[in-house]
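K.L.:
Turn this into a model:
(chains A and B)
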Amino acid sequence: MPSYEENMQKVLDLRSQVLDTERPDPEPEEVWEAVQALHATRGVAAKKKAAAVPVIGDLKDLFKKD
Amino acid sequence: MDLTYVFPKAIDNTMRTAWDACQRKFLLGHIYNLRKGDPSMHLVFGGAYAKGLEIARKEFYGGNTDKANYLGKACIAAIKEWDLQLDDPLLDEAKSLPNCLGAILYCFDTWPMIGDWLTPLKNADGSPTIEFTFAIPISAIHPATSDPILYTGRFDMFADFQGAQALEDDKTASQLGNSWVNGWDLDSQITGYVWAGQQSGYPNLKTAIIRGVSILKTSFGHAQAIQYRTKWHISNWYNVLHSNLEGMLEAFSNGPKSFTPSYGQACKAYGGCPYRELCDKENWEKWIEPNFHHYVWDPLAISGVTDEQNKD
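P.N.:
Numbers count the residues shown, from 1 in each chain, chains lettered A, B, ... in the order given. Presented below is the predicted three-dimensional model:
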């Protein structure tokens, strides 16, 4: 399953295609699918980011004397 | 920069509330038509969001019931609308273009058009009553042309609401809750919409439905406000509008220095007034360039934000 970042890149690539006057617009179904996929992974990416932030308790442990 | 001192031909709720908050803000924003920097992120986001909803509804109520197709078309329209205003799709982490597209899908997941209890009415040509713009003459007279000044605006849909007529308008916000829902009580924008609807062939219109989607960095939320306006509300609003216009016209006839600054809440509301740095100078006219440029506020442009400036 593609990651949030990959899904974001896909949406931005489709945006570039929409704005490129030399190319036809992407199929609407492809755009819908990409936006759906991006937002299905948005919460997952946020949880990962939150989990990577050390909490105060962890920081205290760094300075704990043995 | 040459400042052109011209009274606007049309007034909308944004302009009236600017006057109400601070006369200097009205002078700078709507008579001198000065704007600072890029367009407001909130307006760009709201405009693209509203465009997407408009296209989805026109497709669906025009007979296209393929969800992936009409929502994909809505997203393509929103991308194009965004690009008209701003190059960068990721300038703001929450109010980004990808989040705007997600919010369009979220809106129709929350209130699917199939089975929705709010459905558009039909125009005389059979098309659905989606995107309603109005420009209605009121009894104030323009100082230069002697024509009636117009009261203008736009909302998203005239709808059937359980057998009654209602107007529907979509908003985006950063927070939704009781204060958002209750905040529409007495709101002058909504009262003006109901009045405009009554003047435009819907004399029994009393109800407004406001559907809000909140845009956070990692999630969306939603809320809905159902508002009613009585004859008294509308009559009172109309009197206030005219009283405000009398004040605007009097200040205009007395010259730019008669537009007094608020020096109060308006200076700090919604993250700070964009004209605050000018008001902080003894001779503010000399400080307009290079920070401000000339633009004309378009009262009929689409924008789905809660407030005209920054309230998100």
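
K.L.:
from chain A, which residue is nearest to chain B?
P.N.:
Residue of chain A nearest chain B, by Cβ to the nearest Cβ: A:Pro28 (2.6 Å). Any C-beta I mention is one placed from the backbone N, CA and C, and that applies to glycine too.

K.L.:
Now the residue of the stretch 51-200 of chain B found nearest chain A: closest residue in space, sequence neighbours ignored.
P.N.:
As assessed by Cβ to the nearest Cβ, chain A sits closest to B:Gly72 within the stretch 51-200 of chain B, at 2.6 Å. Spatial nearest neighbour of B:Gly72, chain neighbours left out: A:Pro28 (2.6 Å); criterion: Cβ to Cβ, 6 or more residues apart in numbering or on different chains.

K.L.:
Could you report the neighbour count for the one you found?
P.N.:
Neighbourhood size, A:Pro28 [other Cβ atoms under 10 Å in any protein chain shown]: 21.

K.L.:
from memory it sits against B:Ala77, does it?
P.N.:
No. Applying Cβ atoms under 8 Å, one finds A:Pro28 not in contact with B:Ala77, separated by 9.9 Å.

K.L.:
Ranking helices and strands of chain A by mean pLDDT, which lands last?
P.N.:
For chain A, using mean pLDDT, DSSP states H and E, the weakest element among its helices and strands is helix A:56-62, scoring a mean of 62.

K.L.:
contacting residues for the residue nearest to B:Gly72?
P.N.:
B:68-73, B:75-76 (Cβ atoms under 8 Å, 6 or more residues apart in numbering or on different chains).

K.L.:
The residue of the stretch 51-200 of chain B closest to chain A belongs to a strand?
P.N.:
No. Counting by DSSP: H, G, I helix; E, B strand; the rest coil, B:Gly72 falls outside a strand, being helix.

K.L.:
mind checking the SS state of B:Cys267?
P.N.:
Going by three-state DSSP: B:Cys267 is helix.

K.L.:
State the distance from it to B:Lys257.
P.N.:
19 Å (Cβ to Cβ, to the nearest Å).

K.L.:
Looking at the two, which has the bigger crowd around it?
P.N.:
B:Cys267 (18 against 9).

K.L.:
Surely the more buried one and B:Glu277 touch.
P.N.:
No. Contact criterion Cβ under 8 Å: B:Cys267 and B:Glu277 do not qualify, at 10.7 Å.

K.L.:
one step back: scan the contacts of A:Pro28 and report the most crowded one.
P.N.:
Busiest of the contacts of A:Pro28 [other Cβ under 10 Å] is B:Cys75, holding 31 neighbours.

K.L.:
which ones are touching it?
P.N.:
A:28, A:31-32, A:35, B:52, B:101, B:104-105.

K.L.:
Equivalent analysis for B:Phe60, please.
P.N.:
By Cβ under 8 Å, 6+ apart, the neighbours of B:Phe60 are B:70, B:113.

K.L.:
Please report the distance of B:Arg94 from B:Ser139.
P.N.:
Actually, residue B:94 is Ala. It isn't Arg. B:Ala94 is 43 Å from B:Ser139, by Cβ to Cβ.

K.L.:
Would you mind giving both backbone torsions of B:Ile138?
P.N.:
When read as degrees, to the nearest 10, the backbone of B:Ile138 gives phi -120, psi 180.
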